[in-house]
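Chemist: Below is the structure, and that's it, no one-letter string:
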């Protein structure tokens, strides 16, 4: 997450998952070089909380 700073796409995807009845999500990082890592865990947690996605729904 945050490799290309496409937060709006991630939020849209989560809205589709919830709208279509999805019950499981995963959080991963799409980076291949150390300098590309942006581990904004606090922001990721805010987004998951906004979509009412708890630990039980994470893979």
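Modeler: Cool, got the structure. Every value quoted in this text rests on a predicted model; they were computed, and no experiment measured them.
Chemist: rest of the way, CA atoms for contacts and neighbours
Modeler: OK.
Chemist: how far is the longest helix belonging to the chain from where the chain is centred?
Modeler: Counting residues, the longest helix found in the chain (DSSP state H) is helix 7-19. Put simply, helix 7-19 sits 9 Å off its chain's centre (Cα atoms, centre = their mean, to the nearest Å).
Chemist: model confidence over that helix, on average?
Modeler: Throughout helix 7-19, pLDDT has a mean value of 92.
Chemist: Quick check: buried residues in the following helix or strand past it?
Modeler: For helix 7-19, the following helix or strand on the C-terminal side (DSSP states H and E) is helix 41-50. By neighbour count on 16 or more other Cα atoms under 10 Å, the buried set for helix 41-50 is 47, 48.
Chemist: residues making contact with helix 41-50?
Modeler: 11, 54 (Cα atoms under 8 Å, 6 or more residues apart in numbering).
Chemist: Okay, angle between that helix and helix 7-19 too, please.
Modeler: On the basis of axes from the mean of the first three to the mean of the last three Cα atoms, to 10 degrees, helix 41-50 is oriented at 30 degrees to helix 7-19.
Chemist: average model confidence for helix 41-50?
Modeler: Mean pLDDT, computed over helix 41-50, is 89.
Chemist: on that earlier part again, pull out the buried positions in the longest helix of the chain.
Modeler: For helix 7-19, the neighbour count (16+ other Cα under 10 Å) marks residue 14 as buried.
Chemist: quick one: the nearest residue to residue 17 once chain neighbours are set aside from residue 13, how far?
Modeler: Excluding its sequence neighbours, the residue lying closest to residue 17 (Cα to Cα, 6 or more residues apart in numbering) is residue 23, at 7.8 Å. In this view, residue 23 and residue 13 are 13 Å apart by Cα to Cα, to the nearest Å.
Chemist: for residue 43, same thing?
Modeler: With Cα to Cα as the criterion, residue 43 and residue 13 are 16 Å apart.
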